[in-house]
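> Here's my sequence, what's the structure:
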Amino acid sequence: MAAMAPGTVQLNIFRLNKKLEKYVKAGQPEKALQRFQQLQQQEGMSPDTFTFVHVLNACASLRALGEGRRVHEQIVEGSYESNVFVGNSLVDMYPKCGSIEEAWTVFHKMPLHDVVSWNVIILGHVRCGQGQRALELFQQMQQEQVQPMPVTFVGVLNACASVRALEQGMCVHEQFIESGCKSDVFVENSLVDMYAKCGSMEDAWVCSAICPCMIGLMDCHDIRICKLWARGEGIATIPTNATGRCAAKPCHFLGGTECMHRYSGT
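I've put the predicted structure just below:
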């Protein structure tokens, strides 16, 4: 078989990568792996960074540890292991296949860690039941001055819930508010879950009702937040220091010093 021209090879790889991405996003990872295996049989066709990322995502979805290891071998042979996107995909794939040790080995060897690298290694440890180690990694991430994202806080809050670390969970909640990250349903659910599993049902209830989703929409709902807090006395709920911190931000924004002191416990 005659070798294909370089331009043709690049075009074919581009098309292949789009197909792999489409299969993975459509929930058909097995088809992505089949296409990847067909690639191996074509002369002159070599996977690139995007090929490996999509294939590793497929392995993670299928919990195909053996196939993931074989792909990892090809990555090492092709000198792609130092690529941050490929490295992140490996660190994400291994815990989803049940091997946090191999994820840590890859993470440790990576020459560069971005925020995604930290997210996947923290979430990987939580997934594998190592919540305390996930909290230690979060501290290390902060020491290296990497700014967390909402998904980072989701992983750390889940770690707090798994080890029943209420005080650490409160600190993480406070850090999230101070970070300025826009809240989403995943962070909100993680806050409620963390407080409930740590035995603080009052905080779980208040978070489920108004915090932090409304704080994320403070420009539109700041007055409503304070009104909801003012009604707290009528629902037999005593605001705690942790939930008071949720109300303190909008109250301060409105200039309501008395309200802020009332609900922050000062």
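> middle-most residue in this structure, spatially?
residue 151 (3.4 Å; C-alpha atoms, centre = their mean).
> Any idea how far the helix or strand hosting that one is from the middle of the chain?
Per DSSP states H and E, residue 151 falls inside helix 150-162. Relative to the chain's own centre, helix 150-162 is displaced by 8 Å; criterion: C-alpha atoms, centre = their mean, to the nearest Å.
> Now the residue nearest to the centre of the chain. Nearest residue, chain neighbours left out?
residue 119 (5.4 Å; C-beta to C-beta, 6 or more residues apart in numbering). Glycine gets a C-beta too; all of them are placed from N, C-alpha and C.
> Repeat that for residue 127.
residue 95 (4.9 Å).
> Could you report the neighbour count for that neighbour?
By the criterion of other C-beta atoms under 10 Å, residue 95 has 23 neighbours.
> now swap in residue 194 and tell me
A count of nearby residues for residue 194, using other C-beta under 10 Å, gives 28.
> If you count neighbours, what's buried in stretch 194-209?
Neighbour counts over stretch 194-209 (16 or more other C-beta atoms under 10 Å) mark 194-198, 200, 202-209 as buried.
> where's the residue nearest to residue 127 relative to residue 142, distance?
Using C-beta to C-beta, to the nearest Å, residue 95 is found at 21 Å from residue 142.
> Kindly report the same for residue 13.
39 Å.
> okay, the two: which has more neighbours?
Neighbour count, other C-beta under 10 Å: between residue 13 and residue 142, residue 13 has more, with 17 against 14.
> can you tell me the helix or strand for the more buried one?
helix 6-25.
> Show the subsequent helix or strand relative to that helix.
Moving toward the C-terminus from helix 6-25, the next helix or strand (DSSP H and E) is helix 29-40.
> who does the very next helix or strand once past that following helix touch, helix- and strand-wise?
Later in the chain than helix 29-40, the nearest helix or strand by DSSP H and E is helix 49-62. On a contact count with 3 or more C-beta pairs under 8 Å, 6 or more residues apart in numbering; DSSP states H and E, helix 49-62 meets helix 6-25, helix 29-40, helix 65-77, helix 84-96.
> what pLDDT, on average, does the first one get?
Here the mean pLDDT over helix 6-25 is 81, rounded to a whole number.
> Between helix 49-62 and that helix, find me the angle.
20 degrees (axes from the mean of the first three to the mean of the last three C-alpha atoms, to 10 degrees).
> Show me which residues of helix 6-25 are buried.
For helix 6-25, a neighbour-count test (16+ other C-beta under 10 Å) marks 9, 13, 16, 17, 20, 21, 23, 24 as buried.
> which residues touch it?
4, 29, 31-32, 35-36, 39, 44-48, 50-51, 54-55, 57-58, 61 (C-beta atoms under 8 Å, 6 or more residues apart in numbering).
> quick one: which helix or strand includes residue 80?
Using DSSP H and E, residue 80 falls outside every helix and strand.
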